[in-house]
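Novice: the sequence and its predicted three-dimensional model are supplied below.
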Amino acid sequence: MKQNHPKKVRDLVDGVLLLDKPVGFSSNDALIKAKCVLNAKKAGHTGTLDPFATGLLPLCFGEATKFSQDLLEADKTYLTTVHLGQNTDTGDTEGEVVESRDVNVTVEQIEAVLARFRGPIAQVPPMYSALKRDGKPLYEYARAGITLEREARNVIIHKLELISYEAPFLKLEVTCSKGTYIRVLGQDIGEALGCGGHLNALRRTQVGPLTMDGMLTLDALIAHEAPLGLLAPVDALLASFPAVQLNEELAKRFLQGQRLALGKEPVTVPAEQGRVRVYLDDKLLGTANLGEFSILAPERLIATAHS
């Protein structure tokens, strides 16, 4: 007879985990593992890292998931190593080498090529990507030996600096807009140098305002006696937004979704308009848009702030 095992009860966990994603884990694999360790009911990540990549993967739990979209839209910074002279079918170390060429480039040639990739550029998404065509990810077509036409996308390379060059390895630091494929950037730089190339290593070091400070490994999370204490607060995701402080009466109205006129109230209001984080003392209430005449329009609210 089949036994019915009771479903495990998950905890309401709120916060942000700055995970150092290990090699060989997909972003979703890492999320599932961390969610299990924390016994969290609700969780999400803030943009994928390829399995071969490492580094900063902010994981959001509970109320923090309401603000994860901001990090999906944010700029990212990477350290990457391009292996010049070898093209692979995936653009990274996980693929098969499909072409080899001699590498005869100087630092001066590299600097001249890098200058061409700074600022707004167009990228053709790789076939080995999760972008979908007719409901199926492109990598499934690629694994079946099918190559599809892809439209170029506009992205911005804010920073592209040469860290070191010891042929055939080219180490770079890149800060870029959302939607940038570092694999494609590495391939395109290799082609511009006349020798081709693929990514040998990729490590993400910053996502929006979040840096590697406080980042920890899965092993450290698993080994810790009180892993919940390792979570950063929800407002770690909102550090770049100015803060608004409300009094108790206004906080109550704010949590009811009411627009507030703050001009004559004894509250702390930043001078500039735009998105803000809203508090009652040290309790985060949510985010809002601060408009003309100090009108505060609620955006995303913290459900647990009512308690």
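Specialist: Thanks, I have it. None of the values given here were measured: they were computed from a predicted structure. Residues are numbered from 1 along each chain as shown.

Novice: where along the stretch 51-200 of the chain do the strands fall?
Specialist: Along the stretch 51-200 of the chain, counting by DSSP state E, counting those that start in this stretch, strands occupy 54-61, 76-84, 86-88, 97-100, 119-123, 132-133, 136-137, 153-166, 169-176, 197-207.

Novice: break down the stretch 201-307 of the chain into its strands, ranges please.
Specialist: Using DSSP E, counting those that start in this stretch, strands in the stretch 201-307 of the chain cover 210-211, 216-217, 243-245, 260-261, 274-280, 283-290, 295-301.

Novice: tell me which of those strands sits nearest to residue 234.
Specialist: Nearest to residue 234, of all the strands of the stretch 201-307 of the chain, is strand 283-290, at 5.8 Å by Cβ to Cβ. All C-beta spots, glycine's among them, are computed from the backbone N, C-alpha and C.

Novice: quick one: the closest one to strand 295-301, angle?
Specialist: With axes from the mean of the first three to the mean of the last three Cα atoms, to 10 degrees defining the directions, strand 283-290 sits at 130 degrees from strand 295-301.

Novice: ok, and the closest non-adjacent residue to residue 139?
Specialist: The shortest distance from residue 139 to any non-neighbouring residue, by Cβ to Cβ, 6 or more residues apart in numbering, is to residue 128 (4.9 Å).

Novice: tabulate the CA atom coordinates of stretch 67-86 in CSV.
Specialist: In CSV, the C-alpha atoms belonging to stretch 67-86 read as follows (Å, rounded to 0.1, in the frame of the first residue of the first chain):
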residue,chain,number,x,y,z
PHE,A,67,12.2,43.7,-5.7
SER,A,68,14.2,41.1,-7.7
GLN,A,69,13.1,42.7,-11.0
ASP,A,70,15.3,45.8,-10.2
LEU,A,71,18.4,43.6,-10.2
LEU,A,72,17.3,41.9,-13.5
GLU,A,73,17.4,45.4,-15.0
ALA,A,74,20.6,46.4,-13.3
ASP,A,75,24.1,46.7,-14.8
LYS,A,76,26.5,43.9,-14.0
THR,A,77,30.3,43.6,-13.7
TYR,A,78,32.4,40.6,-14.6
LEU,A,79,36.0,39.4,-14.6
THR,A,80,36.5,37.1,-17.6
THR,A,81,39.3,35.3,-19.4
VAL,A,82,39.2,34.9,-23.1
HIS,A,83,41.2,32.0,-24.6
LEU,A,84,42.3,33.5,-27.9
GLY,A,85,42.9,31.3,-31.0
GLN,A,86,40.2,28.7,-30.3
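
Novice: pLDDT (mean, whole number) over it?
Specialist: Here stretch 67-86 scores 93 as its mean pLDDT.

Novice: then stretch 125-145?
Specialist: Mean pLDDT, stretch 125-145: 81.

Novice: ok now it, how far from the chain's centre?
Specialist: 21 Å (Cα atoms, centre = their mean, to the nearest Å).

Novice: can I get that stretch as CSV, trimmed to CA atoms?
Specialist: What follows is stretch 125-145, C-alpha atoms only, in CSV (Å, rounded to 0.1, in the frame of the first residue of the first chain):
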residue,chain,number,x,y,z
PRO,A,125,22.5,36.3,-29.2
PRO,A,126,24.2,32.9,-29.2
MET,A,127,22.5,29.8,-30.3
TYR,A,128,23.4,28.2,-26.9
SER,A,129,21.1,30.5,-24.9
ALA,A,130,17.8,30.3,-23.1
LEU,A,131,16.1,32.7,-25.5
LYS,A,132,13.0,31.0,-26.9
ARG,A,133,11.8,30.5,-30.5
ASP,A,134,8.3,29.0,-30.9
GLY,A,135,8.3,28.1,-27.3
LYS,A,136,11.6,26.2,-27.4
PRO,A,137,14.9,27.5,-26.1
LEU,A,138,17.6,28.2,-28.7
TYR,A,139,20.0,25.7,-27.0
GLU,A,140,17.7,22.9,-27.9
TYR,A,141,17.9,23.8,-31.6
ALA,A,142,21.6,24.1,-31.3
ARG,A,143,22.0,20.6,-29.7
ALA,A,144,20.0,19.2,-32.6
GLY,A,145,22.4,20.9,-35.0
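
Novice: how many residues are close by residue 280?
Specialist: Residue 280: 17 surrounding residues under other Cβ atoms under 10 Å.

Novice: for residue 300, see how far away the nearest residue to it once chain neighbours are set aside is.
Specialist: Excluding the flanking residues, the one nearest residue 280 by Cβ to Cβ, 6+ apart is residue 251, at 4.0 Å. Using Cβ to Cβ, to the nearest Å, residue 251 is found at 15 Å from residue 300.
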